[in-house]
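Chemist: the sequence and its predicted three-dimensional model are supplied below.
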Amino acid sequence: MGVKMLNSLWLSKAKPYLTMVFLQFGFSGMYVITMISLQNGMNHYILAVYRHLVATIVIAPFALVLERKIRPKLTLPIFLRILVLGFLEPVIDQNLYYLGMKYTTATLASATVNVMPAITFVMALIFRSERVNLKKVHSIAKIIGTVIMIPGAIIMTLYKGPAINFITLPGGSHHSATNETEAKHWVAGTLMLLARCWGWSGFYILQSFTLKMYPAELSLTALICFIGTIGGAALSFVMERDMNAWKIGWDSSLLAAVYSGVVCSGIAYYAQGVVIREQGPVFVTAFSPLCMIITAALGSIILAEKVHLGSIIGTVLIIFGLYSVLWGKSKDQQNSTTEKGKVQELPITDGAKSIDLEDNVEGPARNLKIPAESPLTQKT
């Protein structure tokens with residue numbers, strides 16, 4: 001019985017970590033499959049629409065059935081938040097990501113995500129969901145880590161450096177940003193990818209606030225994907241007038257739409273929402289370096305991509321700053337847990353003993369006076 005309880009406790013603690021590791025493998029596969037699809041001529045505006053259409057079709061039935069009894073009422077403030085979420089990530093973020101990756105590489109697209117924890121931390125400070133105490137070492141570590149990530153992102157953007165070749169498979173889809181046309185777009189593509197990180201971080205922050213008002217992860221995911229599909233379709237009709245671009249066959253374009261829709265929109269939005277409610281948005285972004293490593297390996301082998309020295313230097317700085325922020329964040333959580341579990345000493349007076357009792361409702365703790373001759377005080 002004790003072993004089962006220990007296993008259950010371990011699984012409960014490990015579940016958020018295992019979930020985020022699984023998602024990083026899923027995101028890495030998306031980077032590679034999407035790059036192949038874009039190379040074969042798939043329009044990135046239309047790909048974003050198909051991606052969220054697939055996610056809506058897959059997630060909506062589960063939301064209707066599994067959350068029919070717990071789904072809160074959709075009020076106007078909640079709907080407006082979901083509307084912003086539907087445009088922020090599925091429309092703005094996804095199109096910046098697709099276009100930025102098209103101008104650079106899949107490896108760089110995944111590497112820029114490493115700056116997200118710093119961006120999330122800054123936005124959390126702005127919206128007062130993160131606290132900083134300059135007298136505490138862990139708070140200073142969060143600030144230093146955030147500052148270190150900035151030059152890392154600048155180096156990745158402005159300094160390309162020599163290419164570093166990894167092992168490639170024969171017949172791989174050779175894609176490199178070294179030709180003249182794509183080299184001109186390298187800086188612009190990297191800036192798009194960094195702007196996408198701001199949008200993605202904002203999505204996480206707003207999602208964490210929305211889940212407090214609308215704690216139904218599946219329904220929220222379905223609504224975000226549905227709104228994203230409508231918004232993305234409207235944008236696509238404006239930007240792409242050729243109706244032939246909407247045609248999709250049994251090729252990499254269909255695979256990219258289905259894979260990214262099911263794994264990276266449907267499952268990811270839901271899983272990240274669950275983890276955000278338990279651990280917070282900074283925890284969710286902490287696993288981005290793993291995604292970069294996996295993508296770099298897959299991109300080198302499958303796409304024959306070249307990793308440049310500037311990307312490596314920038315990534316090292318970003319990772320160092322990232323874990324400085326995470327160390328400070330973990331200390332915040334430890335201190336919070338310690339304060340909650342701290343047992344206060346009972347102040348003893350001459351005629352009575354007092355015990356501080358914390359209310360279950362909001363408000364200051366009450367002080368309960370117990371006479372000295374009470375059996376409760378006689379035992380102490």
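Modeler: All right, it came through fine. Residues are numbered from 1 along each chain as shown.
Chemist: in this structure, what helix or strand scores lowest on average pLDDT?
Modeler: strand 352-357 (a mean of 46; mean pLDDT, DSSP states H and E).
Chemist: just for the stretch 151-300 of the chain, where's the confidence low?
Modeler: Scanning the stretch 151-300 of the chain for pLDDT under 70 picks out 156-158, 165-184, 289.
Chemist: what are the boundaries of the strands in it?
Modeler: Assigned by DSSP state E, counting those that start in this stretch, the stretch 151-300 of the chain shows strands spanning 163-164.
Chemist: for the stretch 1-150 of the chain, which segments count as helices?
Modeler: Applying DSSP state H, counting those that start in this stretch to the stretch 1-150 of the chain gives helices spanning 2-39, 44-66, 76-87, 94-103, 106-111, 116-126, 137-158.
Chemist: so G231 makes contact with E89?
Modeler: No - taking contacts as Cβ atoms under 8 Å, G231 lies outside contact range of E89: 10.6 Å. C-beta: built from backbone N, CA, C; applies to glycine.
Chemist: more crowded one of the two?
Modeler: Neighbour totals were compared for G231 and E89, and E89 leads with 25 against 20 (other Cβ atoms under 10 Å).
Chemist: and the more buried one, what's its pLDDT?
Modeler: E89 is assigned a pLDDT of 87 by the prediction.
Chemist: now do the contacts for it.
Modeler: G199, W200, F203, I224, G228 (Cβ atoms under 8 Å, 6 or more residues apart in numbering).
Chemist: residues contacting the last one?
Modeler: Going back to what we said before, that points to G228. Contacts of G228 by Cβ under 8 Å, 6+ apart are A48, H52, G86, F87, E89, P90, V91, Q94, S265.
Chemist: phi, psi for V307 please.
Modeler: Main-chain dihedrals, V307, degrees, to the nearest 10: phi -90, psi 130.
Chemist: correct me if wrong: it contacts A163.
Modeler: Yes - contact criterion Cβ under 8 Å: V307 and A163 qualify, at 7.2 Å.
Chemist: tell me which of these two has more neighbours.
Modeler: Ranked by neighbour count (other Cβ under 10 Å), V307 and A163 place V307 first, with 21 against 14.
Chemist: and the more buried one, what are its bridge partners?
Modeler: Using DSSP bridges, the bridge partners assigned to V307 are I164.
Chemist: okay, buried residues for stretch 204-222 please.
Modeler: 204-208, 210-211, 214, 216-222 (16 or more other Cβ atoms under 10 Å).
Chemist: which one of these sits closest to M123?
Modeler: Ranked by distance to M123 (Cβ to Cβ), the buried residues of stretch 204-222 are led by I205 at 5.2 Å.
Chemist: spit out the contact partners of that closest one.
Modeler: T120, M123, A124, F127, S129, P281.
Chemist: buried subset of these, written for PyMOL?
Modeler: Remark: buried members of those, expressed as a PyMOL selection using 16+ other Cβ under 10 Å:
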select buried, resi 120+123+124+281
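Chemist: show me where pLDDT drops low in the stretch 1-150 of the chain?
Modeler: The stretch 1-150 of the chain contains residues with pLDDT under 70 at 1-4, 6-7, 129-130.
Chemist: now do 80
Modeler: Applying pLDDT under 80 to the stretch 1-150 of the chain picks out residues 1-14, 105-108, 110-118, 120-121, 124-125, 128-136, 138-139, 142, 145-150.
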